[in-house]
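Novice: how does the following fold in three dimensions:
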Amino acid sequence: MRLTYLVVALLYAFLSSSCLATTQLLDPPTNTTVLDLEDHELQSTRRYYIFLFQTPSRGDRGLALSPKDGKCPHYVMQETLDSSNGLPLRVEKYDGGIGYKIVYCPGGCGSYKVVCGDGGVGVENGKKWLGLSDEPRVVMFKKA
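Specialist: Presented below is the predicted three-dimensional model:
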């Protein structure tokens, strides 16, 4: 009798967990937490390296500062070395879409007007530069 009760209880537990697991797979995710490369939630008090999303077979290169044309001291560029993490930056959670994007608001530079917009990547003189773009660039984050 005890064995029958145990078998029924285990069978019930197994079927209940199977239904729960199936339900969890079918339900769309509701978590909008931004995660870093180690699947840890981003913290507003921490700094992060930002990597342009690439396929796993390609090298990860972080974002860094580099002089461009002498008008302003530095611009954001993609590192040229695969092993470099680039510049650590603070990030905020992006609300909407299926990925993360950078909204770039450059600091004042002389008499130039500051314009904010989505960060995208363009190529100039063999370097990839982050600038304002109609097409935002999907990014990943790594703790600094």
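
Novice: show me the domain layout of this protein.
Specialist: Domain ranges of the chain: 1-30, 48-143, per automatic domain parsing.

Novice: now stretch 37-57: buried residues?
Specialist: Leu42, Tyr48, Tyr49, Ile50, Phe51, Leu52 (16 or more other C-beta atoms under 10 Å). Heads up, the C-betas are built off the backbone N, CA and C, glycines and all.

Novice: no no, stretch 134-143
Specialist: Here stretch 134-143 shows Pro136, Arg137, Val139, Met140, Phe141, Lys142 as buried, counting by 16+ other C-beta under 10 Å.

Novice: between those, which is closest to Ile102?
Specialist: Looking at the buried residues of stretch 134-143 and their distance to Ile102, the nearest is Val139, at 6.1 Å (C-beta to C-beta).

Novice: packing partners of the longest strand along the chain?
Specialist: Ranked by residue count, the top strand of the chain under DSSP state E comes out as strand 117-124. For strand 117-124, the elements it packs on are strand 103-104, strand 127-132, judged by 3 or more C-beta pairs under 8 Å, 6 or more residues apart in numbering; DSSP states H and E.

Novice: which of those has the lowest average pLDDT?
Specialist: In terms of average pLDDT, strand 103-104 trails the rest of these, at a mean of 60.

Novice: out of the buried residues of stretch 134-143, which are inside strands?
Specialist: Per DSSP E, the buried residues of stretch 134-143 map to strands at Val139, Met140, Phe141, Lys142.

Novice: quick one: low-confidence residue ranges for this structure.
Specialist: 1-32, 52-79, 81-83, 85-99, 101, 103-118, 130-132, 136, 138 (pLDDT under 70).

Novice: would a markdown table of the buried residues of stretch 134-143 with distance to Glu124 be doable?
Specialist: Putting these into a markdown table (distance: C-beta to C-beta, whole Å) gives the following:
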| residue | distance to Glu124 |
| --- | --- |
| Pro136 | 19 |
| Arg137 | 15 |
| Val139 | 20 |
| Met140 | 24 |
| Phe141 | 25 |
| Lys142 | 26 |
